[in-house]
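Asks: below are the sequence and a predicted model; questions follow.
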Amino acid sequence: MRPSDTQGDVRSYLGRFLFSGEDVFKKVGDLSGGEQSRVALAKLLLDNANFLILDEPTNHLDIASKEVLEEALAEYPATMIIVSHDRYFLDKVVNKILFMERDKTHLWVGNYSAYQENIIQKRAEEATKIAEEKKRVAQEKKREAIDAKRQEKEKKKKKKKSPPKKWIGV
């Protein structure tokens, strides 16, 4: 079952999948760290905020809880900034990647795997360009060395071919 747009359905959905059995009746203070994380995430999703910042939201979650979170965030209508090392989670949830390096920012539209493939392809293209440039520079240096040798030979030939100087004796 997927959560619908109604608040009651979302609560029912989160309640059934995040907690079961007697856990539903425990006080929040008696819950484990992972369970408290689930409560905090459920609270965030029920607040209907229009902007979420999530830092490693899958930490301390079991597989079932991760799946519920993935589904809830995939359908959540707000803008989100998610920091996570969980690549599988990012693939399921994000549709844009903002990559920052040094003084540049790049926006990639798509999931994390597509972004990674793009980066690998760009790096391969850059490596090819660098290799081609090195080859071109080496060829240019070789050509310059050949030209320098040729010019040196021509200078020597001119010196040999010039007529002897006449000395006038005193």
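Replies: Done, it's in. Numbering: from 1, shown residues only.

Asks: can you pull the domain assignment for this protein?
Replies: According to automatic domain parsing, the chain comprises the domains 7-94, 96-155.

Asks: phi first, then psi, for residue 84.
Replies: Backbone torsions for residue 84, taken as degrees, to the nearest 10, come to phi -160, psi 150.

Asks: that one: neighbouring residues, count only.
Replies: 17 (other Cβ atoms under 10 Å). C-betas here are computed from N, CA, C, even on glycine.

Asks: that one reaches residue 53, doesn't it?
Replies: No - counting by Cβ atoms under 8 Å, residue 84 does not reach residue 53; the two are 11.8 Å apart.

Asks: in TSV, list the domains of the chain along with mean pLDDT and distance to residue 166.
Replies: Compiled in TSV, these are given as follows (pLDDT from 0 to 100; distance: least, Cβ to Cβ, whole Å):
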stretch	mean pLDDT	distance to residue 166
domain 7-94	79	88
domain 96-155	91	23
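
Asks: deepest of the ones you listed, which one?
Replies: Mean neighbour count (mean count of other Cβ atoms under 10 Å) peaks for domain 7-94 among the domains of the chain, with a mean of 15.

Asks: got a pLDDT number for residue 6?
Replies: At residue 6, the pLDDT value in this model is 43.

Asks: what about residue 121, distance to residue 112?
Replies: Separation of residue 121 from residue 112 (Cβ to Cβ, to the nearest Å) stands at 15 Å.

Asks: one more: residue 101?
Replies: Residue 101 is 16 Å from residue 112, by Cβ to Cβ.

Asks: could I get the full set of helices for the protein?
Replies: Under the criterion DSSP state H, the chain contains helices at 7-18, 33-46, 63-75, 87-93, 112-161.
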